[in-house]
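K.L.:
Need a 3D model of the sequence below.
(3 chains)
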Amino acid sequence: MPELPEAETLARQLQNLIAGRSLRQITVLSQRVTRDPLAQVRQQRVDRVQRYGKWVLLQVDVGWLVIRLGMTGTLRWCAPQGPYTRAILHFEHGWLCFNDIRQFGSITLRPQLPNELGPDPLEMDHRDWCSMLRSNRALKPALLDQRKLRGLGNIYTDEILFAAGLHPLVEATRLGEPQIERLERCTVEILERAIELGGSSISDFVDVYGRPGRYQFEHRIFRRAGEPCSRCGERIQRIVVAQRGTYYCPACQRL
DNA sequence: ATTACTACCTGACAGC
DNA sequence: TGCTGTCAGGTAGTAA
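P.N.:
So this is what the prediction gives:
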């Protein structure tokens, strides 16, 4: 579920809920969550919570807890433990359940702030965009590569490409200056609007209080195959790009 | 070094 | 009802 806007939604809520508070201990309920000795993390002050790409980071005394939601991970404040609760973070004033049906998510502990991913699309300047687009591949796979730019996933990539009028299979390196500028502008507009609405809930995503996001009501292309394009009326198509379902308008997004 | 593809899990849904 | 196949928002790991 979680792409940049969903991770940002969770990080902001957790910053308010747990920054400055004491993390008493972590209960690991499924060993797939981590290989790190999280049970030994005791009595840590959470300095702050921030987002790194699609990940949620908690800064604690001994380093950084890196929470990756995978496809179906959620973080629920003071929710009852359920069948898919894989870990519980116990605080002085409540607890956080890490629920994850498919178990692609993880919680790891690192001594340092992670830095292996590409730039954040909300902080990139024009030069960053030009250098990330210097790539011998189609545009969509390039945008999905977290080492090139961190935070975009399947939903927002399709929405951004539609808004920018760019075909998902166009070679990244062939974009002209005006197209790159359109891509930059649409990326920021769509991500900021999605954050404003608490992210997209397609099936699993909910915030720490269990509330769904509302940006899915503004999706114009994602999972709308067969419907008329909202801009031109042409039938929206679904193709497979980089093994992911990909939605686009053949009239508005020409190769 | 970069790019492409499989595998990891579980559940929802469509069709027979 | 129950089986089978397809699809699903991510990303390690491996192969070319």
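
K.L.:
how about the residues of the stretch 151-255 of chain A near DNA strand B?
P.N.:
Contact residues (C-beta under 7 Å from any atom of the strand) of the stretch 151-255 of chain A with DNA strand B: A:203, A:242, A:243. C-betas here are computed from N, CA, C, even on glycine.

K.L.:
wait, which of those is closest to DNA strand B?
P.N.:
Using C-beta to the nearest atom of the strand, residue A:243 is the member of those that sits closest to DNA strand B, with 4.5 Å.

K.L.:
still on that earlier bit, out of the residues of the stretch 151-255 of chain A next to DNA strand B, grab the one that's most surrounded.
P.N.:
Neighbour counts for those peak at residue A:242, which has 17 neighbours (criterion: other C-beta atoms under 10 Å).

K.L.:
Name the nearest residue to that residue, sequence neighbours excluded.
P.N.:
Nearest residue to residue A:242, sequence neighbours excluded (C-beta to C-beta, 6 or more residues apart in numbering): residue A:141, at 4.2 Å.

K.L.:
quick check, the helix or strand harbouring residue A:143 touching DNA strand B?
P.N.:
According to DSSP states H and E, residue A:143 maps onto helix A:139-144. Yes - judged by C-beta under 7 Å from any atom of the strand, helix A:139-144 and DNA strand B are in contact via residue A:141.

K.L.:
For DNA strand B, what is the nearest residue in the stretch 1-150 of chain A?
P.N.:
Residue nearest to DNA strand B within the stretch 1-150 of chain A (C-beta to the nearest atom of the strand): residue A:102, separated by 3.1 Å.

K.L.:
Kindly list the main-chain dihedrals of that residue?
P.N.:
When read as degrees, to the nearest 10, the backbone of residue A:102 gives phi -80, psi -10.

K.L.:
right, and it touches residue A:69 too?
P.N.:
No - Residue A:102 is beyond contact range of residue A:69, at 10.4 Å (criterion: C-beta atoms under 8 Å).

K.L.:
Who are the packing partners of the helix or strand just after the helix holding residue A:143?
P.N.:
Proceeding N to C from helix A:139-144, the next assigned helix or strand is helix A:154-164, under DSSP H and E. Contacts defined by 3 or more C-beta pairs under 8 Å, 6 or more residues apart in numbering; DSSP states H and E place helix A:154-164 against helix A:139-144, helix A:177-196, strand A:244-248.

K.L.:
what's in contact with stretch A:38-51?
P.N.:
The contact list for stretch A:38-51 (C-beta atoms under 8 Å, 6 or more residues apart in numbering) reads A:4, A:7-8, A:10-11, A:14-15, A:18-28, A:56-62, A:65, A:87, A:91, A:107, A:109, A:151.

K.L.:
just how off-centre is it within its chain?
P.N.:
Centroid displacement of stretch A:38-51 relative to its chain, using C-alpha atoms, centre = their mean, to the nearest Å, is 21 Å.

K.L.:
can you tell if it touches DNA strand C?
P.N.:
No - residues of stretch A:38-51 contacting DNA strand C under C-beta under 7 Å from any atom of the strand: none, with a closest distance of 11.4 Å.

K.L.:
got the end-to-end distance for that stretch?
P.N.:
End-to-end distance of stretch A:38-51: 20 Å, with C-alpha to C-alpha, to the nearest Å as the criterion.

K.L.:
Domain ranges for chain A, per the record?
P.N.:
For chain A, automatic domain parsing gives the domain ranges A:4-110, A:126-248.

K.L.:
can you tell me the average pLDDT over the first one?
P.N.:
Per-residue confidence for domain A:4-110 averages out to 97 on the pLDDT scale.
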